[in-house]
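[1] compute the structure for the input listed below.
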Amino acid sequence: MGLYNLGYTCYMNAALHCLSHTIGLSEYFFHKKYELEINEQNPLGYQGKLVNAYAKLLEHLWVKDKPVYMPSQILRLI
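    As a prediction, this is how the structure comes out:
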């Protein structure tokens, strides 16, 4: 599985791949433990949008069988 390069996202994609291979972090997301810690009320935060986008990315990288995933939602949030 790979990430589609949106023109200038090769470094972001490399960082996302590294994070997705971090076993403890990925297990935290696969078991949906992060959902209990999202603070949607924080006016300085992303109301859980970024963490949910990362969870979706992990699902596409490790569970879905499509060859390429476009990380445009994470790019917009960052």
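
[2] biggest helix in the chain by residues?
    The longest helix of the chain (DSSP state H) is helix 49-62.

[3] list the helices and strands that one packs on?
    If contacts are counted by 3 or more Cβ pairs under 8 Å, 6 or more residues apart in numbering; DSSP states H and E, helix 49-62 sits against helix 10-20, helix 23-30, strand 68-69, helix 72-77. Just so you know, the C-beta spots here come from the backbone N, C-alpha and C atoms, and that holds for glycine as well.

[4] closest to Glu59 out of these?
    Of all the helices and strands packed on helix 49-62, the one in closest proximity to Glu59, counting by Cβ to Cβ, is helix 23-30 (8.4 Å).

[5] got the angle between that closest one and helix 49-62?
    With axes from the mean of the first three to the mean of the last three Cα atoms, to 10 degrees defining the directions, helix 23-30 sits at 100 degrees from helix 49-62.

[6] related to what we said a few turns ago, buried residues, the longest helix of the chain. List them.
    Judged by neighbour count (16 or more other Cβ atoms under 10 Å), helix 49-62 contains these buried residues: Leu50, Val51, Asn52, Ala53, Tyr54, Ala55, Lys56, Leu57, Leu58, His60, Leu61.

[7] what's the average pLDDT for that helix?
    When pLDDT is averaged over helix 49-62, the result is 93.

[8] from the chain's centre, how far out does it sit?
    Per Cα atoms, centre = their mean, to the nearest Å, the displacement of helix 49-62 from the mean C-alpha position of its chain is 4 Å.

[9] how about it as PDB, C-alpha atoms only?
    In PDB, the C-alpha atoms belonging to helix 49-62 read as follows (Å, rounded to 0.1, in the frame of the first residue of the first chain):
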ATOM      1  CA  LYS A  49     -10.600  15.900  12.900                       C
ATOM      2  CA  LEU A  50      -6.800  15.200  12.500                       C
ATOM      3  CA  VAL A  51      -6.800  12.100  14.700                       C
ATOM      4  CA  ASN A  52      -9.800  10.700  12.900                       C
ATOM      5  CA  ALA A  53      -8.100  11.400   9.500                       C
ATOM      6  CA  TYR A  54      -5.000   9.600  10.700                       C
ATOM      7  CA  ALA A  55      -7.100   6.600  11.900                       C
ATOM      8  CA  LYS A  56      -8.700   6.500   8.500                       C
ATOM      9  CA  LEU A  57      -5.300   6.600   6.800                       C
ATOM     10  CA  LEU A  58      -4.100   3.700   9.000                       C
ATOM     11  CA  GLU A  59      -7.200   1.700   8.000                       C
ATOM     12  CA  HIS A  60      -6.500   2.200   4.300                       C
ATOM     13  CA  LEU A  61      -2.800   1.400   4.700                       C
ATOM     14  CA  TRP A  62      -3.200  -1.800   6.700                       C
END
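
[10] many thanks, I have nothing further to ask.
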